[in-house]
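[1] sequence plus predicted model, see below.
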Amino acid sequence: MAVEALARCPDFLDFLADRAGAGFSAAKFLGALDELHAAHLPPDLAEARRQAPASRELAAVAELRATLTQGRFPANAAAALTAIFGARRFDLARPADALAAEAAEAWMNGLREIAAAGKFADLTTDEGWDLALRLYGESVRYDDKPAGAVELQGWLELLWEDAPHLLVAGFNDGSVPEAVVGDSFLPESLRVRLGLKTNAARFARDAYQLQALAACRSPAGRLDLLLGKTSAVGDPLRPSRLLLRCAEADLPARIDFLFRPADAARANPPWSRAWQLQLPPVVVPSRVSVTALRKWLECPFRFYLGSVLRLEAVDPAKTELDALDFGTLVHAALEALGRNPAMRDCTDAATLREFLLAALAAAAAARFGPGLTLPLMVQLESARQRLARVAEVQAQTRAEGWVIERVEQKFTLDVGGLVVSGKIDRIDRHEGTGAIRVLDYKTSDKPVQPQTAHLRTARRSGETVPEFGRVMLGSRAYVWCDLQLPLYHRFLAAEFPGELICGYFNLPKAASDTGIAPWEGYTPELAEAAWRCAGGVAAAIRAGGFWPPSEGIREEYDAYAALFHRGAAASVAWPEGGR
């Protein structure tokens, strides 16, 4: 959005500070703008203001836009820029201010030219801006030459250089003489027939120029030719063929000289780390979400960055829903179904589909407004297709006797002194057997099996897993990588002492794979192992056990990869006393 780009201009922030008054904070405004973009993806200023009606800053932007779009160009453009820069004072003794003043004068000159030209009287604002920007881009600015500056000239201009000592750099084949090779439309033979410049003519011209540069500096002057041995990526470079034009008796010595090993002036310094991430003193949380335990099991340090320090990346170029946003939107429609008594008991797939699609449309309109961008339209169509299939599965599962008992059930558990909280997507009760089924919605591209999502084999080389994180299933050793469903199960076991099933309601890309996946084989022994692991994680968190980081996470799955280079642990200055 253009507002986001404009908002990061320092002069524009000064303008907003002047309009908003003493309570303005540039950091808070930019943070709120980032949150607005991430949550609602507003396509224009009007939608952004609808989502944030109390924003004084966006109101000021709207006033500026009205100034810019009303009236005739270039008067409206000048008025808008005057509003932004009217209070700015320039100190022409400062180079930055002098440059800004010169740029402003060049811009205003372009506006004056447009205003003075009668044929541009009917320009729209967009056409006027396009023309003004083109004129500004074509303007030329010349800086004064600093004292002691060295003149750098091209090869063809050197013939007019009268300096007694001349250095020519880049004297490699392909540069001098320049050659055109492999032109499909004008090969060398056709150039000769058409009388165009050929490689032979270029060679003769450059040979003459080299001879002339050397002759006019002999014997009092000096000519130095510098040539590279390798390119920036390490490819070998050939010396210019002109350097091999000498007497046959001198050619062996010339070749030996040109192709001798290069003497390095100094050894290349070894790589060294420029900086380390500096962190505040370690903070120990007293409360975490149930999903945060998965992050700790994956990497204690990354858990600390995300779940304790709340360090999150901002994507200013975001144009579509990420996986979390997509899941939240679909969850809203499913929650609406679970809260509607008539829909909970409905066994007609068409009725359920109509309700779910209407709930999805309402959730999308509330979050994104009426003007959807093309990426959002495509993603919403994907959500509609998934929910249409959910309607069929829901009709079938209700016919089988399962009734939605609760949705979005909040819970807290005391795990070894650490409060773990969360929300259970859905709880079903079988009206015949009284069995309870706890379900978590999954909108990933492929269906997920509960055991696969919670347990894995040790796969990383050199991986060390605490004892509480290991469990045996038959003769195979597994590692806990998530504790979500086991903690749901633990919370509900006290209220529902009978049969209690946990699993996923998968809503994948392929509609045929939509369905409920119960955790087959979730035994009391496995439940006890999960609780033991949860206790170990809680104890580690309460003890400040956030170090060392896991080094085996692939970069494309690491939200903090940009902070780490050549190892996560070496990239961080872990606070003294931290564990």
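    Looks like it came in fine.
[2] for residue 366, grab phi and psi.
    Residue 366 adopts backbone torsions of phi -70, psi -30, taken as degrees, to the nearest 10.
[3] please apply the same query to the one 5 residues further on.
    Taking degrees, to the nearest 10, you get phi -90, psi 90 for the backbone angles of residue 371.
[4] just residue 548 next, same as before
    The phi/psi pair for residue 548 (degrees, to the nearest 10) is phi -90, psi 170.
[5] pretty sure it contacts residue 299?
    No - contact criterion CB atoms under 8 Å: residue 548 and residue 299 do not qualify, at 9.3 Å. Where C-beta positions appear, they are placed from N, C-alpha and C, glycine not excepted.
[6] so these two - more neighbours on which side?
    Using other CB atoms under 10 Å as the criterion, residue 548 and residue 299 rank with residue 299 on top: 21 against 14.
[7] residues contacting the more buried one?
    By CB atoms under 8 Å, 6 or more residues apart in numbering, the contact set of residue 299 is 549, 550, 553.
[8] reformat those residues as a markdown table; add distance to residue 181.
    Listed next are the contacts of residue 299 as a markdown table, based on distance: CB to CB, whole Å:
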| residue | distance to residue 181 |
| --- | --- |
| 549 | 51 |
| 550 | 51 |
| 553 | 47 |
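[9] now do the nearest residue to residue 300 once chain neighbours are set aside against residue 421, distance only.
    Distances taken as CB to CB, 6 or more residues apart in numbering place residue 546 nearest to residue 300, at 4.6 Å, with adjacent residues excluded. Per CB to CB, to the nearest Å, residue 546 is found 20 Å from residue 421.
[10] could you do residue 521 as well?
    With CB to CB as the criterion, residue 521 and residue 421 are 28 Å apart.
[11] the more surrounded of those two?
    residue 421 (13 against 9).
[12] what's the helix or strand for the more buried one?
    strand 418-430 (DSSP states H and E).
[13] partners of the following helix or strand past that strand, with directions?
    Heading C-terminal from strand 418-430, the first helix or strand you meet, by DSSP H and E, is strand 436-442. Sheet pairing of strand 436-442 (DSSP bridges) gives strand 418-430 (antiparallel), strand 500-506 (parallel).
[14] can you redo the ones you listed as TSV with distance to residue 494 and mean pLDDT?
    Listed next are the strands paired with strand 436-442 as TSV, based on distance: least, CB to CB, whole Å; pLDDT from 0 to 100:
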stretch	distance to residue 494	mean pLDDT
strand 418-430	14	96
strand 500-506	10	96
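[15] include distance to residue 360 when you put those strands into a markdown table, please.
    Below are the strands paired with strand 436-442 laid out as a markdown table (distance: least, CB to CB, whole Å):
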| stretch | distance to residue 360 |
| --- | --- |
| strand 418-430 | 16 |
| strand 500-506 | 16 |
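[16] output the contacting helices and strands for the lengthiest helix in the chain.
    What stands out as the longest helix in the chain, according to DSSP state H, is helix 374-399. On a contact count with 3 or more CB pairs under 8 Å, 6 or more residues apart in numbering; DSSP states H and E, helix 374-399 meets helix 323-339, helix 349-368, strand 515-518.
[17] what domains does the record give for the chain?
    When the chain is parsed with automatic domain parsing, its domains come out as 2-138, 155-258, 287-318+401-573.
[18] could you give the mean pLDDT of the shortest one?
    Right, the one you point to is domain 155-258. Averaging pLDDT along domain 155-258 gives 89.
[19] end-to-end on it?
    21 Å (CA to CA, to the nearest Å).
[20] any regions of this protein where pLDDT drops low?
    1, 118-121, 264-266, 459-463, 576-579 (pLDDT under 70).
[21] which residue of it lies farthest from its centroid?
    Using CA atoms, centre = their mean, the residue of the chain lying farthest from its centre is residue 249. It sits 62.6 Å away.
[22] picking that back up, show me what the helix or strand following the longest helix of the chain is packed up against.
    Where DSSP H and E defines the elements, the next helix or strand beyond helix 374-399 is strand 402-415. Counting by 3+ CB pairs under 8 Å, 6+ apart, the packing neighbours recorded for strand 402-415 are helix 323-339, strand 418-430, helix 484-493, helix 524-542.
[23] among those, which comes closest to residue 181?
    Nearest to residue 181, of all these, is helix 323-339, at 49.5 Å by CB to CB.
[24] buried ones in whatever helix or strand comes next after that closest one, by neighbour count?
    As assigned by DSSP H and E, the chain's next helix or strand after helix 323-339 is helix 341-344. Neighbour-count burial for helix 341-344 flags 343, 344 (criterion: 16 or more other CB atoms under 10 Å).
[25] and helix 341-344, how far out from the chain middle?
    Computed by CA atoms, centre = their mean, to the nearest Å, the chain-centroid distance of helix 341-344 equals 42 Å.
[26] what sits up against that helix?
    337, 338, 351, 352, 355, 398, 403, 404.
[27] for it, C-alpha coordinates in CSV please.
    Below are the C-alpha coordinates for helix 341-344, written out as CSV (Å, rounded to 0.1, in the frame of the first residue of the first chain):
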residue,chain,number,x,y,z
PRO,A,341,-28.0,-25.3,17.9
ALA,A,342,-29.9,-26.1,14.6
MET,A,343,-26.7,-26.7,12.7
ARG,A,344,-25.3,-29.0,15.4
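[28] what residues does the closest residue in space to residue 286 that isn't next to it in sequence make contact with?
    In this structure, residue 286 finds its nearest non-sequential neighbour in residue 419, 6.3 Å apart by CB to CB, 6+ apart. Applying CB under 8 Å, 6+ apart to residue 419 gives the contacts 286, 287, 288, 412, 413.
[29] what's the answer for residue 539, then?
    416, 545.
[30] from residue 281, how far out is it?
    Distance from residue 539 to residue 281, by CB to CB: 21 Å.
[31] kindly report the same for residue 137.
    Here residue 137 is placed at a distance of 51 Å from residue 281 (CB to CB).
[32] and if you look at residue 350?
    Distance from residue 350 to residue 281, by CB to CB: 59 Å.
[33] likewise residue 374?
    47 Å.
[34] and residue 386, by the same measure?
    Residue 386 is 45 Å from residue 281, by CB to CB.
[35] mind listing the helices for the stretch 51-200 of the chain?
    With DSSP state H, counting those that start in this stretch, the ranges of helices along the stretch 51-200 of the chain come out as 56-69, 75-85, 95-116, 125-138, 188-194, 199-215.
[36] with distance to residue 44 and mean neighbour count added, can I get those helices in CSV?
    Formatted as CSV, those follow (distance: least, CB to CB, whole Å; neighbours: other CB atoms under 10 Å):
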stretch, distance to residue 44, mean neighbour count
helix 56-69, 10, 17
helix 75-85, 18, 17
helix 95-116, 26, 14
helix 125-138, 15, 14
helix 188-194, 54, 12
helix 199-215, 55, 15
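[37] closest one to residue 173 among the ones you listed?
    Using CB to CB, the helices of the stretch 51-200 of the chain put helix 199-215 closest to residue 173, at 10.8 Å.
[38] which residues are contacting that closest one?
    Contacts for helix 199-215 (CB under 8 Å, 6+ apart): 155-156, 158-159, 166, 168, 176-181, 188, 223, 241-242, 245.
[39] can you check stretch 48-66 too?
    Here stretch 48-66 makes contact (CB under 8 Å, 6+ apart) with 1, 3, 6-7, 15-16, 19-20, 24, 29, 32, 36, 39-40, 42, 45, 80, 83-84, 369.
[40] tell me which element residue 33 falls in.
    helix 26-40.
[41] what about the helix or strand containing residue 12, distance to the chain center?
    If you go by DSSP H and E, residue 12 is part of helix 10-20. With CA atoms, centre = their mean as the basis, helix 10-20 stands 27 Å off its chain's centre.
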